[in-house]
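# Predicted model follows, preceded by the sequence.
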Amino acid sequence: MPIQKLCTVAEAVRLNEFAWSLTLEAEGMEPQGPDQFVHVKCGHSRLLRRPISICGWGENRLRIVFEVRGEGTAWLARRKAGDTLDVLGPLGRGFRIGREDRCLLVGGGIGVPPMLGCAKWTAGRSTAILGFRSADRAMLTEEFQKCCKDVLLCSDDGSLGQKGFVDAQVRAVLEKDKNFTAVLACGPKPMLKNVAAVAAEYGVPCQVSMEERMACGVGACLGCAIQMADGTMKHVCKDGPVFDAEEVAWNV
């Protein structure tokens with residue numbers, strides 16, 4: 001059940017030039033599983049909250065990782081330990097996986113942090129494929145290495161790991177081993193579409209975490225509505241953000 005409360009920042013860490021990690025004291029807001037999210041108020045003058053996936057949790061704390069994309073997240077990046085944030089959560093439906101599952105985790109850019117929760121949930125069993133624009137945007141790679149069986153890196157410009165996009169790495173992995181419980185992916189929609197297509201080709205179930213602009217975060221507005229393959233509309237904030245890949249109308 002989501003709640004709204006003032007959460008104290010316990011730790012604020014800059015991960016690279018673009019990304020920050022905030023650990024919040026958030027008793028009672030622990031998610032039921034990976035990739036639920038919180039809605040954070042970013043400054044007194046900004047009406048709309050910012051949805052941010054929960055990267056990790058435990059001991060009455062939540063961790064969020066984000067990149068600066070505008071005024072709201074720029075304000076959030078200036079928060080220090082001891083500051084308080086108005087937070088609503090946990091919200092949404094996350095990945096449906098078990099502790100014993102063996103998953104192929106695929107994250108692109110700011111879609112990488114939510115996959116860390118999945119990696120820890122299936123500790124030591126899953127393989128992660130992480131893609132970034134360039135080496136200077138990489139984040140959390142050492143943490144993935146601690147809780148994954150294997151970690152494969154790639155970058156658009158070849159400055160980190162293999163040059164190219166994550167779907168090529170997904171194909172390479174599934175060509176050798178299709179015995180994954182599921183492919184779980186989070187990132188830009190074109191990436192998700194390509195990953196879903198590769199997973200379907202090899203017959204591996206695929207769940208995707210969709211990124212859409214959100215206003216209310218609880219399904220009351222239509223700001224994050226997306227079309228499903230059957231022609232219906234669903235809300236990313238309430239019905240997702242995670243959907244079975246076959247549910248999504250990718251060509252709309």
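Noted; the coordinates are in hand. In this text the structure is predicted, and so the values were computed from the model without any measurement.
# residues making contact with the longest helix along the chain?
Counting residues, the longest helix found in the chain (DSSP state H) is helix 189-201. Here helix 189-201 makes contact (C-beta atoms under 8 Å, 6 or more residues apart in numbering) with 106, 108, 111, 131, 165-167, 170-171, 174, 183, 185-186, 205-206, 208-211, 245-246, 248, 250. In this view, the C-beta of every residue, glycine as well, is placed from N, C-alpha and C.
# what about 6 Å?
106, 108, 167, 170-171, 183, 185, 206, 208, 245, 250 (C-beta atoms under 6 Å, 6 or more residues apart in numbering).
# Can you add distance to Ala19, pLDDT and neighbour count and give the residues you listed back as TSV?
TSV is the format used below for the contacts of helix 189-201 (distance: C-beta to C-beta, whole Å; pLDDT from 0 to 100; neighbours: other C-beta atoms under 10 Å):
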residue	distance to Ala19	pLDDT	neighbour count
Val106	18	98	32
Gly108	14	97	25
Asp167	23	96	24
Val170	23	98	27
Arg171	28	98	16
Val183	24	98	25
Ala185	19	98	31
Cys206	26	98	25
Val208	22	98	30
Ala245	26	98	22
Trp250	28	96	16
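# can you tell me which of the residues you listed are in strands?
Judged by DSSP state E, these include 106, 108, 183, 185, 206, 208 as members of strands.
# residues contacting Ser209?
Going by C-beta under 6 Å, 6+ apart, Ser209 touches 35, 186, 241-242.
# Give me the phi and psi angles of Ser53.
phi -60, psi 150 (degrees, to the nearest 10).
# And for the one 10 residues further on?
According to degrees, to the nearest 10, the main-chain angles of Arg63 amount to phi -120, psi 130.
# excluding its backbone neighbours, what's nearest it?
Nearest non-adjacent residue to Arg63, counting by C-beta to C-beta, 6 or more residues apart in numbering: Gly56, 4.1 Å away.
# where does that neighbour land in three-state SS?
Here Gly56 is recorded as strand under DSSP: H, G, I helix; E, B strand; the rest coil.
# and the gap between it and Pro114?
Distance check for Gly56 against Pro114: by C-beta to C-beta, to the nearest Å, it reads 10 Å.
# who has more neighbours, those two?
In terms of neighbours (other C-beta atoms under 10 Å), Pro114 is the more surrounded of Gly56 and Pro114; the figures are 29 against 21.
# Am I right that the more buried one falls within a helix?
Yes - counting by three-state DSSP, Pro114 is part of a helix.
# Spatially, and excluding backbone neighbours, which residue is closest to it.
Nearest to Pro114 is Ser53, by C-beta to C-beta, 6+ apart, at 4.0 Å.
# That neighbour: neighbouring residues, count only.
Counted with other C-beta under 10 Å, Ser53 comes out at 27.
# OK, contacts around it?
35, 37, 114.
# What segments of the protein are helices?
Ranges of helices within the chain are 71-77, 112-121, 141-147, 166-176, 189-201, based on DSSP H.
# separation between the residue lying closest to Met228 once chain neighbours are set aside and Gly92?
Nearest non-adjacent residue to Met228, counting by C-beta to C-beta, 6+ apart: Glu247, 5.3 Å away. Separation of Glu247 from Gly92 (C-beta to C-beta): 15 Å.
# So between the two, which is more surrounded?
The neighbour comparison of Glu247 against Gly92 (other C-beta under 10 Å) goes to Gly92, with 28 against 16.
# quick one: which of the ones in strands among the contacts of helix 189-201 is nearest to Leu22?
For the ones in strands among the contacts of helix 189-201, the minimum distance to Leu22 (C-beta to C-beta) is 21.5 Å, reached by Gly108.
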